[in-house]
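J.: attaching a predicted model along with its sequence, questions to come.
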2 protein chains.
Amino acid sequence: MKDRYELYYWPGIQGRGEFIRLILEQAGAEYADVARLPKSENGGLAALRRILEPTPDRPHPFAPPVLVHGDLVLPQTTLICRYLAERHELAPERIPDRLLAEHLQLTIADFALETHDTHHPLGVTLYYEDQKPEAARRAAAFRDSRLPKFLGYFERVLEENGRSSGRHLIGEALTYVDLSMFQILEGLAHAYPEAFGSMATRIPRLSALRARVRELPRIASYLASERRLPFNEHGLFRHYPELDAPVGP
Amino acid sequence: MKDRYELYYWPGIQGRGEFIRLILEQAGAEYADVARLPKSENGGLAALRRILEPTPDRPHPFAPPVLVHGDLVLPQTTLICRYLAERHELAPERIPDRLLAEHLQLTIADFALETHDTHHPLGVTLYYEDQKPEAARRAAAFRDSRLPKFLGYFERVLEENGRSSGRHLIGEALTYVDLSMFQILEGLAHAYPEAFGSMATRIPRLSALRARVRELPRIASYLASERRLPFNEHGLFRHYPELDAPVGP
């Protein structure tokens, strides 16, 4: 099957789609970010809506993102990430390592969702503006407990990984898990500069990983391009100063 | 590798562990539910804590459940479910079907988490009693919007699947996805009897699936055994009458 992919995701945000875009970019894969194409090229929200429609021949997607590759129409971020990574040498070689990479990727997804939920504790059916006091309480619990717990966990995972002297989360080489961790760290630096900044001395290995991924030639080129959307207050990682504060000692 | 498994999960609840137990039971697999064993058999919470500890040779688990199979120490519910199902003929045969089964399983996990979050909208660091007004708002949004959306989605997936005349969510035969859907429906019937009951006429295929899974000989035997813990107000699916009400038309 020819390696030409179509990604369907909300056009105005990094969101969950960004975990996928980073893999496609590092793989040097040919892909269309369909909903960001103009209508004249069959893009836009209409294209996104079409791919979500029920069909008689396969279970349809519940929500974006969706990856199309040949006949395969594949939803769910962590699944798409693994699928692409295993096709493009961005996953470990050995099966047990692949399974443990997936475990880390699913835990990164949990971390991303908990970060998201700080601005949407009452769910996605209400705007942030309709749940600000609740968001303030959830963000405080996130800063004081969940953020240090997740960051401490991944710092420790790097420390444990003697196979790459703590340079990669799993195995000897760069994998999709490192790319997704980079995205989480970028997102936290945007959304929670005070809280995340106050954690800096506690996560030296994660900070070094973030810097190294940013300097990978293909990633650096992508980040400097117009393909990389800026963070904004419609995505997964949103900066609301009223939710931010340094993490306690 | 001999098919002898160890499951490590909180001993007093069905929780996420139950999705795994149902697969082990339907597979007829030999397994120990380690944290439920007495201390004299190396069980209890001490055993659960031990499996979560950092080790130098692999990334350690972030949280339970954890499956141990030979040298493999595998966390994350959806990953464990897929791993077991593919070993025990409870997953589809063809690779594209396997991927789409995973997609459904991840969507079931999202549905389970959103159900959980109705009683913990401010996160797991606070008790339900410390977030009751917030839970009431989130539960209302869940009943009015997310519950019908998720149930309607899976009903439609059954309807689409002509390969089993709508009897299974994916492919021609029973898979782990059907077992996990059964668990969600059982959980909703416990936690939200009013809301879930009011949806009954809209989900005939899901209701039939639930009844069929309950009558599978191995599942029926498991449900009647002491191995099946009762639902309670410490798990994923909790019945708080103040959060329940019929879904609107």
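T.: Cool, got the structure.
J.: list the contacts for the residue lying farthest from the centre of chain A?
T.: For chain A, the largest distance from the centre (CA atoms, centre = their mean) belongs to A:P56, which lies 30.9 Å off. Residues near A:P56 by CB atoms under 8 Å, 6 or more residues apart in numbering or on different chains: B:160, B:162. Where C-beta positions appear, they are placed from N, C-alpha and C, glycine not excepted.
J.: for A:R16, same thing?
T.: A:R16 neighbours (CB under 8 Å, 6+ apart): A:9, A:64-65, A:77, A:112, A:236.
J.: next: A:S207.
T.: Counting by CB under 8 Å, 6+ apart, A:S207 has contacts A:185, A:200.
J.: that one and chain B: what is the separation?
T.: Using CB to the nearest CB, to the nearest Å, A:S207 is found at 19 Å from chain B.
J.: in what helix or strand does that residue lie?
T.: Per DSSP states H and E: A:S207 is located in helix A:204-214.
J.: what residues of that helix count as buried?
T.: Buried residues in helix A:204-214, counting neighbours by 16 or more other CB atoms under 10 Å in any protein chain shown, are found at A:205-207, A:209-210, A:213.
J.: could you do stretch A:188-202 as well?
T.: Buried, per 16+ other CB under 10 Å, within stretch A:188-202: A:188-192, A:195-196, A:198-199.
J.: got it, and stretch A:14-28?
T.: A:14-27.
J.: between the residues you listed, which is closest to B:T107?
T.: Nearest to B:T107, judged by CB to CB, of these is A:R16 at 13.5 Å.
J.: how much space between that closest one and chain B?
T.: Counting by CB to the nearest CB - A:R16 and chain B are separated by 12 Å.
J.: still on that earlier bit, return the helix holding A:S207 as CSV; C-alpha atoms alone will do.
T.: This file holds the C-alpha atoms of helix A:204-214, laid out as CSV (Å, rounded to 0.1, in the frame of the first residue of the first chain):
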residue,chain,number,x,y,z
PRO,A,204,15.9,17.6,34.1
ARG,A,205,15.6,14.5,31.9
LEU,A,206,12.2,15.5,30.5
SER,A,207,13.5,19.0,29.8
ALA,A,208,16.5,17.6,27.9
LEU,A,209,14.2,15.3,25.9
ARG,A,210,12.0,18.2,25.0
ALA,A,211,15.0,20.3,23.8
ARG,A,212,16.4,17.4,21.8
VAL,A,213,13.1,16.6,20.0
ARG,A,214,12.7,20.3,19.1
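J.: how about the strands in chain A?
T.: A:4-8, A:30-33, A:66-69, A:72-75 (DSSP state E).
J.: ok, which of the ones you listed comes nearest B:N232?
T.: Using CB to CB, the strands of chain A put strand A:72-75 closest to B:N232, at 33.3 Å.
J.: mind giving me the packing neighbours of that closest one?
T.: Counting contacts by 3 or more CB pairs under 8 Å, 6 or more residues apart in numbering or on different chains; DSSP states H and E, strand A:72-75 packs against strand A:66-69, helix B:95-117.
J.: can you list the ones you listed in a markdown table and add mean pLDDT and distance to B:Y128?
T.: As requested, the helices and strands packed on strand A:72-75 are exported to a markdown table (pLDDT from 0 to 100; distance: least, CB to CB, whole Å):
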| stretch | mean pLDDT | distance to B:Y128 |
| --- | --- | --- |
| strand A:66-69 | 98 | 35 |
| helix B:95-117 | 97 | 11 |
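J.: wait, which of the ones you listed is closest to A:A46?
T.: Closest approach to A:A46 among the helices and strands packed on strand A:72-75 (CB to CB): strand A:66-69, 14.4 Å.
J.: give me the contact list for the closest one.
T.: Contact partners of strand A:66-69, identified using CB under 8 Å, 6+ apart, comprise A:1, A:3-9, A:20, A:51-52, A:73-75, A:80, A:83-84.
J.: the same query, at a cut-off of 10 Å, please.
T.: A:1-9, A:17, A:20, A:24, A:29, A:31-32, A:34, A:48, A:51-52, A:60-61, A:73-77, A:79-81, A:83-84, A:87, B:103 (CB atoms under 10 Å, 6 or more residues apart in numbering or on different chains).
J.: the contacts of A:R16 also near chain B: which ones?
T.: Under the cut-off given by CB under 10 Å from any CB of the partner chain, chain B has A:T77 from those close to it.
J.: could you dump the contacts of A:R16 into a markdown table with neighbour count added?
T.: As requested, the contacts of A:R16 are exported to a markdown table (neighbours: other CB atoms under 10 Å in any protein chain shown):
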| residue | neighbour count |
| --- | --- |
| A:Y9 | 24 |
| A:P64 | 19 |
| A:P65 | 25 |
| A:T77 | 24 |
| A:A112 | 23 |
| A:L236 | 22 |
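J.: so which of the contacts of A:R16 comes closest to chain B?
T.: A:T77 (8.6 Å; CB to the nearest CB).
J.: what's that closest one in contact with, if anything?
T.: A:9, A:15-20, A:63-65, A:67, A:105, A:108-109, A:112, A:180, B:106.
J.: where does chain A have low pLDDT?
T.: Regions of chain A meeting the criterion pLDDT under 70 cover residues A:1-2.
J.: tell me where it has helices.
T.: For chain A, the helices defined by DSSP state H cover A:17-27, A:44-51, A:77-87, A:95-117, A:132-141, A:147-160, A:176-191, A:193-198, A:204-214, A:217-223.
J.: still on that earlier bit, and the two most separated of the buried residues of stretch A:14-28?
T.: Once CB to CB is applied, these give A:G15 and A:A27 as the farthest pair, at 19.8 Å.
J.: tell me the one of the buried residues of stretch A:14-28 nearest chain B?
T.: After measuring those against chain B - CB to the nearest CB - the closest member comes out as A:R16, at 11.6 Å.
J.: so how far is A:A112 from the closest one?
T.: In this view, A:R16 and A:A112 are 7 Å apart by CB to CB, to the nearest Å.
J.: give the contact list for the closest residue to A:L7 other than its chain neighbours.
T.: Distances taken as CB to CB, 6 or more residues apart in numbering or on different chains place A:D33 nearest to A:L7, at 5.3 Å, with adjacent residues excluded. Counting by CB under 10 Å, 6+ apart, A:D33 touches A:5-9, A:11, A:17, A:20-21, A:24, A:43, A:227, A:229.
J.: coming back round to it: closest to B:R146 out of the buried residues of stretch A:14-28?
T.: Nearest to B:R146, judged by CB to CB, of these is A:R16 at 17.6 Å.
J.: ok, now how distant is the closest one from B:E186?
T.: Distance, A:R16 to B:E186, by CB to CB: 29 Å.
J.: and A:P193, by the same measure?
T.: 44 Å.
J.: and for A:R98?
T.: 32 Å.
J.: please apply the same query to A:Y31.
T.: In this view, A:Y31 and B:E186 are 41 Å apart by CB to CB.
J.: again with A:R58
T.: Noted for A:R58: a distance of 27 Å to B:E186, by CB to CB.
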